[in-house]
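> quick one, structure for this:
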Amino acid sequence: MAVTRGRRRPKQHEPQLGLRLEEIRHGGRRERAGRPPLKHRRAVPRRTRPDFYARHPIHVTLRLRPGAAGLRRSKLYREIRAVMRHTGHRVDFRICHYSIQGNHLHLVCEADERGALSRGVQVFCSMVARRLNRLRGSRGRVFADRYHARALTTPTEVRNCLCYVLNNWRHHRSDQPWPTDPFSSGALFDGWSDATAEDQPAWLGADEPIPIASPRWWLLREGWMRGGGAISTKEVPGS
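Residues are numbered from 1 along each chain as shown. As a prediction, this is how the structure comes out:
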């Protein structure tokens with residue numbers, strides 16, 4: 001009578017170094033695990049960005065790596081304006097105001113959805129990085145981290161943001177002879193209490209189109225006036 005033998009299960013050997021199988025754990029919180037933090041600045045938290053309505057303007061802040069600072073120069077400024085005209089006049093994404101400081105940029109945008117904002121800012125950053133690297137003869141990353149975005153939901157928030165962005169040079173104690181910061185869209189802003197918008201600012205080339213787009217929604221177009229009225233060019237914004 002033939003005896004049918006079953007398949008023998010392979011013997012599972014315990015690992016070396018005296019460790020038992022039940023002592024080996026995978027996953028969970030571990031010391032020094034995960035993405036290494038940036039050394040020069042705390043990274044923007046990598047959380048899911050909150051949803052927002054299209055009618056709410058977005059304040060976007062972009063910070064540069066330490067070696068890429070020094071944006072307030074005419075050649076670099078001309079390249080950034082060209083990128084704004086190319087990327088900031090889309091149907092679903094618009095750059096309506098901006099301010100360029102030495103090591104960071106502020107944008108006030110409108111976007112139809114979160115994906116449109118993400119795509120618009122990413123394309124803007126990519127094109128700015130390529131152009132600045134080409135001018136400087138350098139390579140590598142230009143922006144330090146992912147962008148920071150904040151939705152502005154009330155007239156007061158929008159007014160405070162416009163004051164902060166357009167008068168950002170006052171915030172950094174910049175004492176210059178011009179009424180508005182030439183490295184911003186201040187000369188094109190029609191909400192000043194002590195200045196008027198210019199059709200062709202001195203920093204704009206003779207045949208150069210305006211780099212910013214007109215706001216579509218009420219809050220950024222006129223609703224912000226209900227948050228405190230017109231803005232003075234000498235108003236120093238808070239934090």
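> who's in contact with residue 211?
81-82, 84-85, 88, 95, 98, 185 (C-beta atoms under 8 Å, 6 or more residues apart in numbering). C-beta coordinates here come from the backbone N, C-alpha and C atoms, glycine included.
> mind doing that once more with 6 Å?
Applying C-beta atoms under 6 Å, 6 or more residues apart in numbering, we find residue 211 in contact with 81, 84-85.
> now residue 198: how far from residue 179?
According to C-beta to C-beta, to the nearest Å, residue 198 and residue 179 sit 10 Å apart.
> now for the two: what residues contact both?
Contacts common to residue 198 and residue 179, judged by C-beta under 6 Å, 6+ apart, are absent.
> quick check: longest helix in the protein by residues?
Identified as the longest helix of the chain according to DSSP state H is helix 114-136.
> what does that helix rub up against?
58, 60, 79-80, 83, 87, 92-93, 111, 139, 142-143, 147.
> mind listing what's buried along it?
114, 116-121, 123-125, 127-129, 131-132 (16 or more other C-beta atoms under 10 Å).
> cool, and stretch 160-178?
160-171.
> returning to what we had before: can I get the buried part of the contacts of residue 211 as one PyMOL selection?
Remark: buried members of those, expressed as a PyMOL selection using 16+ other C-beta under 10 Å:
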select buried, resi 81+84
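> would you reformat the contacts of residue 211 as TSV and include distance to residue 155, secondary structure and pLDDT?
As requested, the contacts of residue 211 are arranged in TSV below (distance: C-beta to C-beta, whole Å; DSSP: H, G, I helix; E, B strand; the rest coil; pLDDT from 0 to 100):
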residue	distance to residue 155	secondary structure	pLDDT
81	29	helix	96
84	25	helix	97
85	29	helix	96
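> of the contacts of residue 211, closest to residue 223?
Nearest to residue 223 among the contacts of residue 211, counting by C-beta to C-beta, is residue 84 at 23.5 Å.
> tell me which residues of stretch 219-235 come out buried.
219-220, 223-224, 227, 231, 233, 235.
> okay, helices next: where are they in the protein?
So, for the chain - with DSSP H - the helices run 74-87, 114-136, 155-166, 168-171, 218-221.
> looking at these, which has the lowest confidence?
With a mean of 86, helix 168-171 has the lowest mean pLDDT of the helices of the chain.
> now for that one, which elements pack on it?
Taking 3 or more C-beta pairs under 6 Å, 6 or more residues apart in numbering; DSSP states H and E as contact, there are no helices or strands that helix 168-171 lies on.
> can you do 10 Å?
strand 93-100, strand 104-111, helix 155-166 (3 or more C-beta pairs under 10 Å, 6 or more residues apart in numbering; DSSP states H and E).
> relative to residue 203, which of those is closest?
Per C-beta to C-beta, nearest to residue 203 of the helices and strands packed on helix 168-171: strand 93-100, 11.0 Å.
> alpha carbons only: can I get that closest one in PDB?
C-alpha atoms of strand 93-100 as PDB (Å, rounded to 0.1, in the frame of the first residue of the first chain):
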ATOM      1  CA  PHE A  93      -5.300  80.700 -12.100                       C
ATOM      2  CA  ARG A  94      -4.400  84.400 -11.900                       C
ATOM      3  CA  ILE A  95      -1.600  86.300 -10.200                       C
ATOM      4  CA  CYS A  96      -3.300  89.600  -9.300                       C
ATOM      5  CA  HIS A  97      -0.700  91.300  -7.000                       C
ATOM      6  CA  TYR A  98       2.900  90.500  -6.000                       C
ATOM      7  CA  SER A  99       5.900  91.700  -4.000                       C
ATOM      8  CA  ILE A 100       9.500  90.600  -4.600                       C
END
